[in-house]
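> sequence-free structure coming up:
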């Protein structure tokens with residue numbers, strides 16, 4: 001049976017379809033980085049991009065024209081930002097013998113693809129969380145949200161929403177929180193009292209609870225429940241959350257359209273010439289080890305487009 005040489009790297013559309021399904025289901029797996037900073041496809045590895053200042057969009061303009069007169073014109077200037085995509089990737093070897101031995105239990109290539117894609121998404125999530133949490137705290141809430149009897153999450157969010165509107169003329173469309181904060185909000189007296197005659201929040205799946213909470217806040221609720229092993233190699237694993245439970249973030253996120261003019265928090269620039277998909281899946285042979293190497297990779301840079309499109313609330317958890 002013909003097979004590629006060890007020097008041949010093959011794109012794997014069969015495994016790529018699996019990676020796509022994994023990406024689509026990422027929020028349910030606890031990864032929200034691609035929603036906080038959606039993909040924006042670019043033709044170059046690094047370049048400048050235009051950043052339209054908020055004043056150019058909301059400045060009051062005199063549109064009156066007198067008879068025989070001329071129309072007033074704009075003279076705004078745009079700013080520039082830069083991006084430089086870096087390559088991220090992970091490989092998993094699939095030994096021919098092991099794949100055959102355990103084929104009755106699982107498809108080794110499928111499992112290896114999931115491990116590779118998970119590594120890419122988990123690291124992207126960590127980079128996005130680090131960027132967002134690096135913002136200075138805009139305001140602290142009066143009562144931590146794990147003080148279920150007296151905290152006021154909805155009022156705190158409404159105050160933050162109005163502050164964003166007053167400060168930058170922007171309304172948020174999403175709120176980002178850790179899994180622990182999400183569970184704490186579900187236990188609050190404020191939320192239960194508001195829903196006691198309509199939707200008992202304790203009943204239903206986690207996805208249904210996110211939708212109900214989204215209606216309650218009037219925002220898309222993005223729950224980052226991803227974790228990582230913070231221990232060094234060779235030590236027993238120590239789980240740590242990727243998202244800090246001390247903060248929540250109100251953001252204006254992109255609708256995933258192809259426009260850079262909208263004032264949104266951030267984008268994930270994807271260099272299309274090298275990685276035309278969000279996550280590329282490839283394979284190649286290592287005959288000296290009788291193995292097929294499964295590789296997942298992407299060429300990206302996470303860039304903050306407009307810092308004013310994020311509002312950080314602190315003092316969320318005791």
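Looks like it arrived, so ask away. This structure is a prediction, so every number in the text was calculated from the model and none was measured.
> quick one: strands adjacent to the particular helix or strand that has residue 284 in it?
Using DSSP states H and E, residue 284 sits within strand 280-286. Using DSSP bridges, strand 280-286 pairs in its sheet with strand 10-11 (antiparallel), strand 291-304 (antiparallel).
> and those strands, which one averages the lowest pLDDT?
Among these, strand 10-11 carries the lowest mean pLDDT, at a mean of 78.
> please compute how far it lies from its chain's middle.
How far strand 10-11 lies from its chain's middle: 27 Å, per Cα atoms, centre = their mean, to the nearest Å.
> in CSV: the strands paired with strand 280-286, plus distance to residue 232.
In short, each C-beta sits where N, CA and C put it, glycine included. Output for the strands paired with strand 280-286, formatted as CSV (distance: least, Cβ to Cβ, whole Å):
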stretch, distance to residue 232
strand 10-11, 35
strand 291-304, 24
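> looking at these, which is buried most?
Greatest average neighbour count among the strands paired with strand 280-286 goes to strand 291-304 (a mean of 21), per mean count of other Cβ atoms under 10 Å.
> what ranges do the strands span in the stretch 201-318 of the chain?
220-224, 227-229, 239-241, 248-251, 266-271, 280-286, 291-304, 310-314 (DSSP state E, counting those that start in this stretch).
> most tightly surrounded among those?
Taking mean count of other Cβ under 10 Å, strand 248-251 is the most buried of these, at a mean of 26.
> residues in contact with it?
36, 132-133, 135, 157, 160-161, 164, 172-177, 181, 219, 264-265, 309-313, 316 (Cβ atoms under 8 Å, 6 or more residues apart in numbering).
> what lines up beside that strand in the sheet?
When DSSP bridges is applied, strand 248-251 pairs with strand 174-178 (antiparallel), strand 310-314 (antiparallel).
> quick check: what element follows the first one along the chain?
Taking DSSP H and E as the definition, the helix or strand that follows strand 174-178 towards the C-terminus is helix 179-186.
> now whatever helix or strand comes next after that next one: how far from the chain's centre is it?
Per DSSP H and E, the first helix or strand lying C-terminal to helix 179-186 is helix 189-195. Centroid separation for helix 189-195 versus its chain: 29 Å, with Cα atoms, centre = their mean.
> show me what counts as buried in helix 189-195.
190, 191, 195 (16 or more other Cβ atoms under 10 Å).
> what does stretch 240-260 give?
Going by 16+ other Cβ under 10 Å, stretch 240-260 has these buried residues: 241-254.
> please compute how far that stretch lies from its chain's middle.
For stretch 240-260, the distance to the chain centre is 6 Å (Cα atoms, centre = their mean).
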